[in-house]
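Visitor: Turn this into a structure:
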Amino acid sequence: MERIKESQLQHLVSRINVVTGSPELPWGLDLNKLPSANIGNYHLASNLYGWNLQRMHNASGGVTTPIGSTSLSKREMYGQLYAFLRGIETARELVGA
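Guide: Predicted structure coming up:
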């Protein structure tokens, strides 16, 4: 079984951002050149226990966890991200978007 790399996870998250029309980066600069959250951006978060998908929720940097709040291994995260992406793509096909 091939090892899942962080770059593979990042690639899927990038595809999710493209398909949903979400900003590619979680943070940018506002008109005053101050850090500003890019609301709607999907990004990976990692901790000692594993990985999670987060979506920027508000201007202060608050996030939601659209596939659950449990940290997953890279392999589990890859499966979840792929399923999430395919779900979005399938829904778009069904509504003709």
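Visitor: Looking at this protein, which helix is longest?
Guide: Taking DSSP state H as the criterion, the chain has its longest helix at helix 74-95.
Visitor: Tell me which other helices or strands that helix touches.
Guide: Applying 3 or more Cβ pairs under 8 Å, 6 or more residues apart in numbering; DSSP states H and E, we find helix 74-95 packed against helix 6-20, strand 50-56. Where C-beta positions appear, they are placed from N, C-alpha and C, glycine not excepted.
Visitor: nearest to residue 64, of those?
Guide: Minimum separation from residue 64 across the helices and strands packed on helix 74-95 (Cβ to Cβ) falls at strand 50-56, 5.1 Å.
Visitor: low-confidence ranges in this protein?
Guide: Scanning the chain with the threshold set as pLDDT under 70 gives 97.
Visitor: can you do 80?
Guide: 1, 96-97 (pLDDT under 80).
Visitor: residue closest to the middle of it?
Guide: The centroid of the chain falls nearest to residue 42 when counting by Cα atoms, centre = their mean (3.0 Å).
Visitor: re the thing from before, the longest helix of the chain vs helix 6-20, what angle?
Guide: With axes from the mean of the first three to the mean of the last three Cα atoms, to 10 degrees applied, the angle from helix 74-95 to helix 6-20 works out at 20 degrees.
Visitor: Buried ones in helix 74-95, by neighbour count?
Guide: Using 16 or more other Cβ atoms under 10 Å as the test for burial, helix 74-95 gives 74, 77-78, 80-81, 84-85.
Visitor: Thanks a lot, see you next time.
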